[in-house]
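Chemist: no sequence for this one, just the structure:
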């Protein structure tokens, strides 16, 4: 008789430590700088890239303990609840408009002139003075997504004065993927630099999946509560009620969700504005609310109960991400009246939320051609009190499904340069399927590129340091350092080794593109060396003494460079 | 006794028909529209995408006969020499400055008020009036790269008024690849939309490789003659002479090369300007000429013999691509004095070349952060008489080797929108190795995205039609049409099938992202249908009669959408 093991549903089985990626990134180690905050030590993480010339280069790091050499993981227990031991201030007035309302949010504290441990941590992490962080939060130009019930995270900031951030979406659906896969996607996305992740699960086990992600995520987690609420009414939007939604939000706040997308700007009267669009309403949340409003001919409960919602989110310091339910889903629909009408309403709601002490960011498009991108930031800043803008792409064209990480990276870089604070990644599977682990990595790296290009473009003070370090390594043929300083060292190394796998090729003063005889970098180095030796490092010098020097040089050897091989 | 077959060197063996990719692109067929030109029939190609709703959508096509259903290939004979039978005008004065000099170039003909068969062909292909094409060529704002000795090509135009074009580089090196591989790369690149290709071979068999490519290419072919000249002096730049270079250029002109990169702006006095750069001189041609100038302390022979060179190129109507030998190779070096000094000299040379009847375009950077990109176009237009700008990227950051198709697509889209006429692709292998066939495709598709985003951004009259057709197909759940209208139907189809491979999923009114219950597109369609049926397609209508209609709707069924499956 054969023994039978109890059957385990692989989709809901608890993830195990072996299922997540751990260990350092290429030639890197995790370092923590310890800073004192009112007698408490805050440990601010960075990734230290060790270079072959004995120097090192530290970069912003989002990956938590997973990139330690031998991390002590316990997924069931979750990460250490570090922030619980930090000294947090007492409640303060929500705002000048509502001084009687006392809250414990980063916004209210910042307005009260208080620097929180989160602000101190972030200031060190970003290379700004803590007072600058406090000022930006107080003005509502930056948000710190950090639910009191999510003590596991390493605090980060979203605001245009700071480095542009990247969000990675994940989550299972009715059709695919397991809890373990989603936890690994979170670990994997943060390994490559995701600053926040959103759990957009719509299938079964939404609560359970989210719990595993929250307890093990080193970065803030966002959700769209309407998805779970809709599951509770078996997918029929007309059955949704404020009470069901409210209870879902409270449940998620209790769990520790750090920011929530709320499509409270999809008003009944805006729905017909989308009827004649090429692609109608493409936001899931937006279409759910549109269906609800239209069917019941009532104003959206998200709008009519917005003040109540504010007071729930304020209690936990959950940040609003006011969703763009009417964002354009095609080039044809960009910047149309439906989109603009909703954005004006989001501005109105921003004011309400901030008066109740809530932090707010605003979600943005979508699909927008290049010449219509920058004005989106102008409108957002004007109508929404410069609340941090958080955009999906935008995709600069509709014609490349399978490559929408690229169509959207173009738009993302442009909108980031124009002032967008966080970019929601798009993967190659956009419009076609759900991203797998490889897609998540490609999406994150692509968006780190867009965010960094935007940082350079908007003049972030530290952005160019990494470009300079990598380009110097490239010019000096320090191949290993070039790989290590890259956003994705593994891929850079693999691509190099495809043509020249031997280890000596990684110290050689040439590469496979030109071969040993044609290397412009080598010639160029020789030019530099020659110019230096002969005092020819200025136009004046060369014009004055060039002929003589040239003669000497020709006599002394006559070659500007010597080929490595004689062939 | 065993028989022995003669050994064949796989690197130099003639390519065979079976080694190149043939056959139609997904759901497409090649169509030719016949137009009469002075009694001669010109057959203008297009790719017709057949849609499932009975309609079709024609797109610009660069792929020649290779995408016919059963192309009759003979690689040894090459493509039909179609342009040989077209009626070409006699020689006309090169310019007002040099009326005694008679040439047969598109520029001189255009200035003389003559519309050539190439102009008529291009006008039809791009959707412009032939007179507009002639005017742009006459002004030097556009070029038609069409060597008299390259009758196989389907003429195309490079100019900012027209669709932004994409060039794909290929060519073997001392380290890798065979002639057959290079011919297939050409066929493969044009299949996916490359408008021109450049053969940058630096290894052995440069002439032979180029011959195979030229005779079989449906698109113009560019080269950098200094590479072959350098091979002739065994790789020692100091041994180069004007005579060796001149003979190489004549040999390539005779073969049929359509445009040539000439780094004639790297002057002796500019070399020291590059000595203190982070990445020195990164252009191969630029570094070769810098080494030559520095070693001999002579002015560049490309500069001192430029008029002679013009007269050679004019004889064949080979277009100058004035190379940016001092382009920046890193963010740190962008827009520096070395780059600008060379660009001013290219402007001077543009004037000389045009006076001798030559067509000219100008090559541009390189590595440039976003905020420094647009001014490059301004300088180029101001200093170089608006000659078509032809840029490599530019890469918007240095920190992502392995993803430089993406770092550069961001820059390429921006510089294309600003007025650049042709974008030289960058593949994922940039800085790391030579592109293989997959890399070539990724590079081309990525650059078709950048070019199309630029066309939308600069308001090209026909650009948005394809976005609208694809988005309409997407909204109507015509999956096959969405794939067929994509830049890369095969990849879109593969990605979709990874999650939902069954054929019914391609007609289903949902996809794997949200599953059947959550589809915003479906809800949105239902909203549209509902609004239309009830006359609610305006804000006024909904405000007037919404309550009544809503009641009727709820009574009639009460659901805005019906899930396909009951689960």
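Modeler: Ah, there it is. Bear in mind that the values here come from a model prediction, so they are computed numbers and not experimental data.
Chemist: Can you pull out the low-pLDDT segments for chain A?
Modeler: A:1-8, A:173-177, A:503-505, A:507-522, A:530-532, A:534-567 (pLDDT under 70).
Chemist: three-state assignment of the residue nearest to the spatial centre of it?
Modeler: For chain A, residue A:166 is the residue whose C-alpha lies nearest the centre (CA atoms, centre = their mean; 1.3 Å). Judged by DSSP: H, G, I helix; E, B strand; the rest coil, the three-state class of residue A:166 is strand.
Chemist: again, but for residue A:201
Modeler: With three-state DSSP as the criterion, residue A:201 reads coil.
Chemist: That one and residue A:227 touch, don't they?
Modeler: Yes. Counting by CB atoms under 8 Å, residue A:227 is a contact partner of residue A:201 at 7.1 Å. (Glycine included, C-beta is placed from N, CA and C.)
Chemist: buried sites along whichever strand or helix holds residue A:382?
Modeler: When elements are assigned from DSSP states H and E, residue A:382 belongs to helix A:374-383. Buried positions in helix A:374-383, judged by neighbour count with 16 or more other CB atoms under 10 Å in any protein chain shown: A:376, A:377, A:379, A:380, A:381, A:383.
Chemist: and it, anywhere near chain B?
Modeler: No. Helix A:374-383 stays clear of chain B (CB under 8 Å from any CB of the partner chain), getting no nearer than 11.1 Å.
Chemist: Go ahead and name everything in contact with that helix.
Modeler: Residues from elsewhere that reach helix A:374-383 (CB atoms under 8 Å, 6 or more residues apart in numbering or on different chains): A:335, A:340, A:343-344, A:346-347, A:362, A:364-365, A:368, A:387, A:389, A:391, A:394, A:414-415, A:418-420.
Chemist: So which of these sit within helices?
Modeler: A:340, A:343, A:344, A:346, A:347, A:414, A:415 (DSSP state H).
Chemist: beta partners of residue A:361?
Modeler: Beta-bridge pairing for residue A:361 (DSSP bridges): residue A:321.
Chemist: still on that earlier bit, what subset of the contacts of helix A:374-383 is also close to chain B?
Modeler: Restricting these to those near chain B by CB under 8 Å from any CB leaves residue A:414.
Chemist: biggest helix in chain A by residues?
Modeler: Using DSSP H to define each element, chain A has its longest helix at helix A:437-458.
Chemist: Can you name the element that comes right after that one?
Modeler: Using DSSP H and E, the helix or strand that follows helix A:437-458 in sequence is helix A:463-475.
Chemist: Mind listing what's buried along that next one?
Modeler: Within helix A:463-475, the residues scored as buried using 16+ other CB under 10 Å are A:463, A:464, A:466, A:467, A:468, A:469, A:470, A:471, A:472, A:473, A:474, A:475.
Chemist: Give the other helices and strands that it contacts.
Modeler: strand A:56-59, helix A:437-458, helix A:479-485, helix A:520-533 (3 or more CB pairs under 8 Å, 6 or more residues apart in numbering or on different chains; DSSP states H and E).
Chemist: Apply 7 Å and report the result again.
Modeler: The contact analysis (3 or more CB pairs under 7 Å, 6 or more residues apart in numbering or on different chains; DSSP states H and E) places helix A:463-475 against helix A:437-458, helix A:479-485.
Chemist: Looking at those helices, which is nearest to residue A:219?
Modeler: helix A:437-458 (11.6 Å; CB to CB).
Chemist: Against which helices or strands is the helix or strand harbouring residue A:260 packed?
Modeler: Secondary structure from DSSP H and E places residue A:260 in strand A:259-262. Helices and strands touching strand A:259-262, as assessed by 3+ CB pairs under 7 Å, 6+ apart, comprise strand A:221-223, strand A:319-322.
Chemist: so of these, which one's packed in deepest?
Modeler: strand A:319-322 (a mean of 28; mean count of other CB atoms under 10 Å in any protein chain shown).
Chemist: Could you list the residues in contact with it?
Modeler: Residues outside strand A:319-322 that contact it (CB atoms under 7 Å, 6 or more residues apart in numbering or on different chains) are A:143, A:145, A:222, A:258-262, A:264-265, A:313, A:346, A:349-350, A:353, A:358-363, A:390.
Chemist: and that strand, how far from the chain's centre?
Modeler: Chain-centre distance of strand A:319-322: 16 Å, with CA atoms, centre = their mean, to the nearest Å.
Chemist: Also stretch A:221-229?
Modeler: In this view, stretch A:221-229 has its centroid 18 Å away from the chain centroid, taken as CA atoms, centre = their mean.
Chemist: gap between the two ends of that stretch?
Modeler: 18 Å (CA to CA, to the nearest Å).
Chemist: Compare the helices and strands packed on helix A:463-475 and report which one is nearest to chain B.
Modeler: Among the helices and strands packed on helix A:463-475, helix A:437-458 comes nearest to chain B, with 3.4 Å by CB to the nearest CB.
Chemist: So which elements touch that closest one?
Modeler: Partner elements for helix A:437-458 (3+ CB pairs under 7 Å, 6+ apart): strand A:165-170, helix A:179-191, helix A:404-417, strand A:422-424, helix A:463-475, helix B:404-417.
Chemist: TSV for these, including distance to residue A:453?
Modeler: Below are those laid out as TSV (distance: least, CB to CB, whole Å):
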stretch	distance to residue A:453
strand A:165-170	12
helix A:179-191	20
helix A:404-417	4
strand A:422-424	11
helix A:463-475	9
helix B:404-417	5
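Chemist: Nearest to residue B:494 among these would be which one?
Modeler: Nearest of the helices and strands packed on helix A:437-458 to residue B:494, taken as CB to CB: helix A:404-417 at 14.5 Å.
Chemist: Looking at the helices and strands packed on helix A:437-458, which is nearest to residue B:236?
Modeler: helix A:463-475 (22.9 Å).
Chemist: what does that closest one rub up against?
Modeler: Contacts to helix A:463-475, defined as CB under 7 Å, 6+ apart, come from residues A:57, A:59, A:452, A:455-456, A:481-482, A:485-486, A:521, B:278-280, B:330-332, B:397-399, B:431.
Chemist: before we move on, back to that, just checking, the residue nearest to the centre of chain A touches residue A:448?
Modeler: Yes. Judged on CB atoms under 7 Å, residue A:166 makes contact with residue A:448 at a distance of 6.0 Å.
Chemist: List the residues that are in contact with both of those two.
Modeler: Common contacts of residue A:166 and residue A:448 (CB under 7 Å, 6+ apart): residue A:193.
Chemist: Which one of residue A:201 and residue A:227 is surrounded by more residues?
Modeler: residue A:201 (26 against 23; other CB atoms under 10 Å in any protein chain shown).
Chemist: Is the more buried one in contact with residue A:172, as I believe?
Modeler: Yes. Look at residue A:201 against residue A:172 with CB under 7 Å: they come within range, at 4.9 Å.
Chemist: Check the contact lists of the two and give me the overlap.
Modeler: By the contact definition CB under 7 Å, 6+ apart, residue A:201 and residue A:172 are jointly contacted by residue A:209.
Chemist: Tell me how far residue A:34 lies from residue A:59.
Modeler: For residue A:34, the distance to residue A:59 (CB to CB, to the nearest Å) stands at 19 Å.
Chemist: okay, these two: which has more neighbours?
Modeler: Comparing residue A:34 with residue A:59 by other CB under 10 Å, the one with more neighbours is residue A:59, at 18 against 9.
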